[in-house]
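Chemist: sharing a sequence plus its predicted fold:
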Amino acid sequence: MDNDDRLAAYAQGFLEPEDEPLRAARARSEEADIPAVPPETGALLRFLARVTRARHVVEVGSGGGYSGLWLLGGMDPRGSLTTIDIAPAHQSLAQQAYAEAGLTGRVRSILGPALSVLPKLADQTYDIVFLDAVKAEYPEYLAHAKRLLKAGGLLVADNVLWHGKVVDSEAVDEDTEAIRRFNASVHDDPELQGLLLEIGDGVLCAVHQPTSGSP
């Protein structure tokens with residue numbers, strides 16, 4: 001084992017371990033070929049929810065419920081998760097995960113395209129907006145996220161390195177180009193103070209700090 005591997009193993013030792021509902025949700029996601037965040041990204045989500053004492057969170061992309069369980073585990077016990085997915089099969093697995101963890105009462109699960117659902121959610125209500133859905137739609141999600149977040153709320157987006165494609169000049173597919181635009185928009189927005197973390201496939205976190213007179 002080289003030094004990089006030893007350092008990775010050392011860092012892994014500081015991660016909050018998966019409990020049984022998380023392990024089961026990850027296993028079902030893998031079996032159904034539904035992408036799930038890696039455990040280190042899940043642990044980051046829980047940390048962010050915990051440190052912000054999040055009461056209201058929007059998740060765009062429920063998957064099999066794995067990331068939602070991580071978020072709920074860090075949120076205020078009175079908090080609620082609004083999670084959106086376009087696929088009925090994903091929603092069904094996610095709901096199973098929430099039920100097994102005894103968290104169904106804290107989850108509002110909405111089936112439908114995110115760009116149709118997000119406009120219906122209340123302005124300036126949410127402590128965290130987590131994006132992990134259609135990559136080509138990330139730039140459009142951004143405007144909704146800013147509207148939904150409270151001042152001081154957190155925008156969190158997964159897959160922002162997109163398997164390294166964001167720095168590959170030959171990668172010009174729709175998803176890669178959209179993620180590049182999204183990353184640049186967050187970086188250049190004076191109302192978003194962001195940090196890109198090389199965790200998993202890249203996680204971009206940004207604090208929403210609206211200027212006077214803006215939502």
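Modeler: Looks like it arrived, so ask away. Numbers count the residues shown, from 1 in each chain.

Chemist: where does this structure dip in pLDDT?
Modeler: By pLDDT under 70, the weakly predicted segments of the chain are 1, 212-215.

Chemist: so which residues of it form helices?
Modeler: 3-12, 20-31, 39-51, 66-74, 88-100, 114-117, 138-148, 174-188 (DSSP state H).

Chemist: out of the ones you listed, nearest to residue 199?
Modeler: Smallest distance to residue 199 across the helices of the chain (Cβ to Cβ): 5.4 Å, for helix 39-51. Any C-beta I mention is one placed from the backbone N, CA and C, and that applies to glycine too.

Chemist: what's that closest one in contact with?
Modeler: 12, 15-16, 18, 22, 26, 37, 54, 57, 66-67, 69-75, 128, 130, 154, 156, 158, 197, 199-201, 203, 205 (Cβ atoms under 8 Å, 6 or more residues apart in numbering).

Chemist: what's the answer for stretch 172-186, then?
Modeler: Stretch 172-186 has contacts (Cβ under 8 Å, 6+ apart) with 135-139, 141-142, 155, 157, 159-160, 162, 165-166, 168, 192, 194, 196, 204, 206.

Chemist: gap between the residue nearest the centre of the chain and residue 79?
Modeler: Centroid-nearest residue in the chain: residue 130, 3.3 Å away (criterion: Cα atoms, centre = their mean). Per Cβ to Cβ, to the nearest Å, residue 130 is found 13 Å from residue 79.

Chemist: quick check: neighbours shared by the two?
Modeler: Joint contacts of residue 130 and residue 79 (Cβ under 8 Å, 6+ apart) are residue 57.

Chemist: follow-up on the earlier one: now, of the contacts of helix 39-51, which are buried?
Modeler: 16, 18, 22, 26, 37, 54, 57, 66-67, 69-75, 128, 130, 154, 156, 158, 199-201, 203, 205 (16 or more other Cβ atoms under 10 Å).

Chemist: burial measure for the nearest residue to residue 196 once chain neighbours are set aside, as a count.
Modeler: Once flanking residues are discounted, residue 196 sits nearest to residue 204: 5.0 Å by Cβ to Cβ, 6 or more residues apart in numbering. Other residues within reach of residue 204, judged by other Cβ atoms under 10 Å, total 23.

Chemist: remind me what the lengthiest strand in the chain packs against, helices and strands.
Modeler: What stands out as the longest strand in the chain, according to DSSP state E, is strand 149-158. Applying 3 or more Cβ pairs under 8 Å, 6 or more residues apart in numbering; DSSP states H and E, one finds that strand 149-158 contacts helix 39-51, strand 126-131, helix 138-148, helix 174-188, strand 203-208.

Chemist: out of those, which is the most enclosed?
Modeler: strand 126-131 (a mean of 26; mean count of other Cβ atoms under 10 Å).

Chemist: what pairs with that strand, parallel or antiparallel?
Modeler: Counting by DSSP bridges, the strands paired with strand 126-131 are strand 56-60 (parallel), strand 149-158 (parallel).

Chemist: sounds good, over and out.
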